[in-house]
Structure formats: C-alpha cells, structure tokens
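S.K.: Requesting a structural model of the entry that follows:
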Amino acid sequence: MANIFSGGGRELDLSNGGTEAFVEVLMLAVSDLASEAWDFRFAALLILQDQNVMGRGAVGFHLEEVDWGADESERARSKDFVLRATALAASGHRWSELGYHPPHVHDYLDRFRIMVEHFTPPAGTGPRHDFPGPDGAAMASCTRHRVLSGLPYWDGCFLCNQPR
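M.R.: Numbering: from 1, shown residues only. Presented below is the predicted three-dimensional model:
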C-alpha cells in the first residue's frame, strides 16, 4: 500500500517506510517551530500520519483539505509555516534522534516543498474532514522527546511509539 500527500495537482506517493521518515523529520521541525494556534493544528494533522497508531498504508492528506485560514494574511502565514518547517526538516534538524538515517527523505521534502510552493490555499474556512479543528490541536509535548504528541489521547509521541 502507498500513502499519498497531494495538493495543487501534484502528488507525493510514498511507501510505508518513506512515509514514516517523511512524517518523522517534518514532525521534529514542526515541534520546534510551532507558536501559533494553526501550527499546533498542523502538528495534529502530522500526528495522524503515525502509521504505528493509524495503520500502515492508511495515511496521507490533501492540501485542499487543510483549513489554511480565513483571510489572505492567515493563509500566507500558514503556508509560510509549512515551508519553514519543511526547510528546517531538510536541514537535518534533530535527525540524530531518530535512531536511523532516512536516505531518501531529502527528495520527499523537496517534492513536498515544491507542492506547497505551487499550491494556492482556497479562500474561506470551514470544517475540513481531515484537518483537526482548534480543539484537536496538538498542545501536549512528550517530555522525554520534546515532540508534540497526541497526549493525553495516545500513550506518547511517534518516537515513543516506534517498534523496538
């Protein structure tokens, strides 16, 4: 099975292992950059991509389904956050904490960056099926790993949930 991340007519089709690496390096960056309410909602969306919790081959999201914001400045700020997090992840930020080297993740992050850069967030907000609302934002942090997590709903962050 494959996991698909898409937006603006582009797709990032990843294997289960590729998805794991992509989401994990992005989550490390998002956890360190998140400061606004929207950022924590985006973190919650990434948490929902943890295949150790959600199931292998059963994750992915479409940029069109993200609530980017009510007005142009909110949408621009949200898009900028995703691009900054992607750039930080691509720099190798905190990769040493993974316990493995993700060999193809630079390519995945580059393709995702291009997808986001070429994506125009739709005007208006409203309930989005797959994008967590304000009450579903990832506000808890795993104290052991300093990563935003699904606590108190799940037992720990993606690093805690890794099979050993």
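S.K.: In contact with the nearest residue to residue 8 once chain neighbours are set aside, which residues?
M.R.: Excluding the flanking residues, the one nearest residue 8 by C-beta to C-beta, 6 or more residues apart in numbering is residue 119, at 3.8 Å. No exception for glycine: its C-beta is placed from N, CA and C like everyone else's. For residue 119, the contact set (C-beta atoms under 8 Å, 6 or more residues apart in numbering) comprises 7-8, 10, 63, 79.
S.K.: can those residues go into JSON lines with extra columns for distance to residue 130 and secondary structure?
M.R.: Converted to JSON lines, the contacts of residue 119 look like this (distance: C-beta to C-beta, whole Å; DSSP: H, G, I helix; E, B strand; the rest coil):
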{"residue": "7", "distance to residue 130": "12", "secondary structure": "strand"}
{"residue": "8", "distance to residue 130": "17", "secondary structure": "coil"}
{"residue": "10", "distance to residue 130": "18", "secondary structure": "strand"}
{"residue": "63", "distance to residue 130": "11", "secondary structure": "helix"}
{"residue": "79", "distance to residue 130": "18", "secondary structure": "helix"}
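S.K.: Tell me the one among those residues nearest to residue 101.
M.R.: residue 10 (26.5 Å; C-beta to C-beta).
S.K.: From the structure, what's the count of residues near that closest one?
M.R.: 16 (other C-beta atoms under 10 Å).
S.K.: Does it touch residue 113 like I think?
M.R.: No - counting by C-beta atoms under 8 Å, residue 10 stays clear of residue 113, with 10.9 Å between them.
S.K.: Give me the nearest residue to the residue nearest in space to the middle of the chain, chain neighbours excluded.
M.R.: Residue closest to the average C-alpha location in the chain (C-alpha atoms, centre = their mean): residue 46, at 3.3 Å. Leaving aside its chain neighbours, residue 46 sits nearest to residue 27 (5.1 Å; criterion: C-beta to C-beta, 6+ apart).
S.K.: contacting residues for that neighbour?
M.R.: Counted by C-beta under 8 Å, 6+ apart, residue 27 has contacts 43, 46-47, 147-148, 158.
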